[in-house]
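Asks: the sequence and its predicted three-dimensional model are supplied below.
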Amino acid sequence: MAEALIPSHAAPHPGRSAPEARMAASAVSRLTLSQFRCYEQARLTVPPGPVVLTGPNGAGKTNLLEALSLLAPGRGLRRARLSQMARLGAPGATGWAVAATVETPFGPVEIGTGQDGVSSERRLLRIDGQSVRGQARLAAHVAVVWLTPQMDRLFLEGPSGRRRFLDRLAFGFDPAHAGRLSRYESVLRERGRLLRDGSRDAAWLAALEDQMATTGIAVACARRDMVERLRIGCAQALGPFPRASLALDGVVDRWLAERPALVAEDLFRAALAAARGQDSGHGGADGASAAVGPHRSDLVVHWQGDDDRRIPAELCSTGEQKALLIAIVLANTRLMAVERGHLPLLLLDEVAAHLDPLRRRALFAELLDLGAQAWLTGTEDTVFSDLRGVAAFWRVEAARLRQDEQDFTQ
């Protein structure tokens, strides 16, 4: 791993406490890459406002957004393996590294992450120069939300992508949600492994199922709270963007809608114990080895018309689905400003090209009004003409970066 990009000399910032917070955006002021994707070395220093990256397809724009997405818990916006992020032809002993200075309401935070070798799938992480175990700690410092062209099919494909989308939004309001989700998924996999191996250790299975029940219900409650926030936030449409109606659909979610959380825990434990034989045959690419649980929940979204007609998102046009996603992200951003006193980092890959001029102008105006740092990509800089003079423009060509300084007024 390129140690220079993950500073070990940076002292922790002492005395960060809630009273010192001010209304602010999570904003990256410095981003440095080494041996990452198409970049041998790259460094950007940017102001707190919008950042526009333009250039031809394949130039490396999305790779920069992927690097930024690694400042949040998880596998980034492409959900790639660590070895897939290494630059082709990179020296095998170094691995790749991403480092950033993130401005937060409590002061700057130095975050570094990377791989300890190209063949390794172990991710290293440092926060303020201190080695950290577990990516969940990232959620306490920065919230990152992204929209990518691949998410244009979010409402058409399976529920796992919709759960991940909702979980990323929840991280911004409840940083502990990342840790709970990680623990739940780990116990879920362990229980599934024991069942597939034919384990008869009933006591150990019961202990795992107890952890699944307590942690899983906590995960489901956090999602339920997030959906309720979004339901309120989306009730009033922003300009030309639609009202989105959201709900959770799953056995656990129905329990929580009808019963207290402690009763739902008991029901979950009983369901897991009763389904051991059935679950021994479950599994799959998502690692889900139980027929019941929050890993089976789905986020259901409807287009809410002015006449109270509700159209399922999967039946809307591609442009309408994109508008729904943007409406949810903007509602989430406004809610964070009110409830948390700061804004998430927004990564919007090729989002403007799929919007009509009216919605495009409304999106830019809302980003500027909120003060959020949004990183936007596109092949044509004319799409971003409304941001001239207020955003930092960078040209990306063949993994080389060139700042257009005349386009930004400090």
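Replies: Nice, I can see it.

Asks: burial measure for residue 138, as a count.
Replies: Neighbourhood size, residue 138 [other C-beta atoms under 10 Å]: 25. For every residue, glycine as well, the C-beta is placed using N, CA and C.

Asks: so it touches residue 112, yeah?
Replies: No. Residue 138 lies out of contact with residue 112 (C-beta atoms under 8 Å); the separation is 11.2 Å.

Asks: what sits in contact with each of the two?
Replies: Both residue 138 and residue 112 are in contact with residue 125, where contact means C-beta atoms under 8 Å, 6 or more residues apart in numbering.

Asks: any idea how far the residue lying closest to residue 46 once chain neighbours are set aside lies from residue 47?
Replies: Leaving out its chain neighbours, the residue that sits closest to residue 46 by C-beta to C-beta, 6 or more residues apart in numbering is residue 392, at 5.1 Å. Note on residue 392: its distance to residue 47, by C-beta to C-beta, to the nearest Å, is 6 Å.

Asks: one more: residue 146?
Replies: 20 Å.

Asks: one more: residue 101?
Replies: Counting by C-beta to C-beta, the separation of residue 101 from residue 47 is 13 Å.

Asks: residue 376 too?
Replies: 14 Å.

Asks: looking at these two, which one has more neighbours?
Replies: residue 376 (25 against 15).

Asks: show me what contacts that one?
Replies: 50-53, 348, 351-352, 384, 387, 391.

Asks: from the residues you listed, pick the one nearest residue 199.
Replies: Using C-beta to C-beta, residue 348 is the member of those that sits closest to residue 199, with 46.6 Å.

Asks: hang on, the closest one in a strand?
Replies: Yes. Under DSSP: H, G, I helix; E, B strand; the rest coil, residue 348 sits within a strand.

Asks: does it touch residue 372 like I think?
Replies: No. Using C-beta under 8 Å as the test, residue 348 is too far from residue 372 to be in contact (10.3 Å).

Asks: out of the two, which sits in the busier spot?
Replies: residue 372 (26 against 21).

Asks: so where is the stretch 301-410 of the chain shaky, pLDDT-wise?
Replies: The model of the stretch 301-410 of the chain has pLDDT under 70 over residues 405-410.

Asks: that older thread, overlap of the contact sets of residue 101 and residue 47?
Replies: Joint contacts of residue 101 and residue 47 (C-beta under 8 Å, 6+ apart) are residue 29.

Asks: what comes up buried for stretch 228-241?
Replies: 229-230, 233-234, 238, 241 (16 or more other C-beta atoms under 10 Å).

Asks: I meant to write stretch 215-228 there.
Replies: Buried-residue list, stretch 215-228, by 16+ other C-beta under 10 Å: 215-224, 226-227.

Asks: so which of those residues are in strands?
Replies: Among those, no member falls in strands (criterion: DSSP state E).

Asks: just send those residues back as JSON lines, with pLDDT too.
Replies: Converted to JSON lines, the buried residues of stretch 215-228 look like this (pLDDT from 0 to 100):
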{"residue": "215", "pLDDT": "98"}
{"residue": "216", "pLDDT": "98"}
{"residue": "217", "pLDDT": "98"}
{"residue": "218", "pLDDT": "98"}
{"residue": "219", "pLDDT": "98"}
{"residue": "220", "pLDDT": "98"}
{"residue": "221", "pLDDT": "98"}
{"residue": "222", "pLDDT": "98"}
{"residue": "223", "pLDDT": "98"}
{"residue": "224", "pLDDT": "98"}
{"residue": "226", "pLDDT": "98"}
{"residue": "227", "pLDDT": "98"}
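
Asks: out of those residues, which is nearest to residue 310?
Replies: Nearest member of the buried residues of stretch 215-228 to residue 310, counting by C-beta to C-beta, is residue 227, at 15.4 Å.
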